[in-house]
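Colleague: Build me a structure from this.
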Amino acid sequence: MAGHFEVVDATDGDCRVRLVDDDGIELALTVTYRDKGAAARAIYTLREIAASGLIEDHTSSFPSPN
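Modeller: Here you go, the predicted model:
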C-alpha cells in the first residue's frame, strides 16, 4: 500500500499534514503548524514512529457477547 503526506493550508496562514492512502482517503490529520518547515519536521517524526513504534491499545474492554 502506497500513500503519501500532504501539507495543506489551515487557518491564519498555518498548515497541517494529511496522511492519505493510495485511493486518496485521509488516514490522519495533524495539529496545525506555524510554517512548512515545522510541518516537514513533523512528517519526519511521523515516519520514524511509524517504522518502529509499538501499538498500544487504550480502548475500553467490553465483555464478549457470547
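Colleague: Look up how far Ile49 lies from the residue nearest to Leu29 when sequence neighbours are not counted.
Modeller: Nearest non-adjacent residue to Leu29, counting by C-beta to C-beta, 6 or more residues apart in numbering: Arg18, 5.4 Å away. Using the backbone N, CA and C atoms, a C-beta is placed for each residue, glycine as well. Distance, Arg18 to Ile49, using C-beta to C-beta, to the nearest Å: 17 Å.
Colleague: Look at the two and report which has more neighbours.
Modeller: Arg18 (14 against 10; other C-beta atoms under 10 Å).
Colleague: Checking my notes, the more buried one in a helix, right?
Modeller: No: applying DSSP: H, G, I helix; E, B strand; the rest coil, one finds Arg18 to be strand, outside a helix.
Colleague: Dig out what the spatially most central residue of the chain forms beta bridges with.
Modeller: Residue closest to the average C-alpha location in the chain (C-alpha atoms, centre = their mean): Ala28, at 3.8 Å. Beta-bridge partners recorded for Ala28 (DSSP bridges): Leu19.
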